[in-house]
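Enquirer: I need the structure of the sequence given here:
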Amino acid sequence: METVRFTDPETQEEVEFVVEEETQLNGCKYLLVSEASEELVFDAYILKEIKDENDEVTYAVVEDEVEFLALARIFTELSDEDTDIEY
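Expert: Sure thing, here's the model as predicted:
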């Protein structure tokens, strides 16, 4: 199970997410991630990979509504038929 660490820019709290799916759109890599949970219903987030001038990778939560909706549709198609994504 692949994981990625994310630092909340507001609280500086570090969270480890489980990568559920990944895709590329317009040359950018995106991850559908969730917090590790045994529950059947959980929150998921879409993160955008950002590389700096030194090729160091960070992730940012997708906040643009148009970008988010496009990615939500893509991740819905990539998910198995037993997965119900609400957005």
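
Enquirer: which strand runs longest in the chain?
Expert: Criterion DSSP state E: the longest strand present in the chain is strand 14-25.

Enquirer: give the buried residues for the next helix or strand after it.
Expert: Per DSSP states H and E, the first helix or strand lying C-terminal to strand 14-25 is strand 28-35. Taking 16 or more other C-beta atoms under 10 Å as the neighbour-count basis, strand 28-35 is seen to contain the buried residues Tyr30, Leu31, Leu32, Val33. Quick note: C-beta positions are derived from backbone N, CA and C, even for glycine.

Enquirer: neighbouring contacts of the following helix or strand past strand 28-35?
Expert: Counting by DSSP H and E, the next helix or strand C-terminal to strand 28-35 is strand 44-51. Strand 44-51 is contacted from outside by 4, 6, 17, 20, 28-34, 57-62, 68, 71-72, 75, 85, using C-beta atoms under 8 Å, 6 or more residues apart in numbering.

Enquirer: before we move on, what about stretch 15-25?
Expert: So stretch 15-25 is in contact with 1-8, 29-36, 44-45, 47, 70-71, 74-75, 78-79, going by C-beta under 8 Å, 6+ apart.

Enquirer: with just CA atoms, put whichever strand or helix holds Val4 into CSV.
Expert: Here Val4 is covered by strand 3-7, with elements defined by DSSP H and E. Output of strand 3-7 as CSV, limited to C-alpha atoms (Å, rounded to 0.1, in the frame of the first residue of the first chain):
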residue,chain,number,x,y,z
THR,A,3,1.4,6.2,1.2
VAL,A,4,2.3,9.9,0.9
ARG,A,5,2.9,12.5,3.7
PHE,A,6,1.1,15.8,3.5
THR,A,7,1.6,18.9,5.7
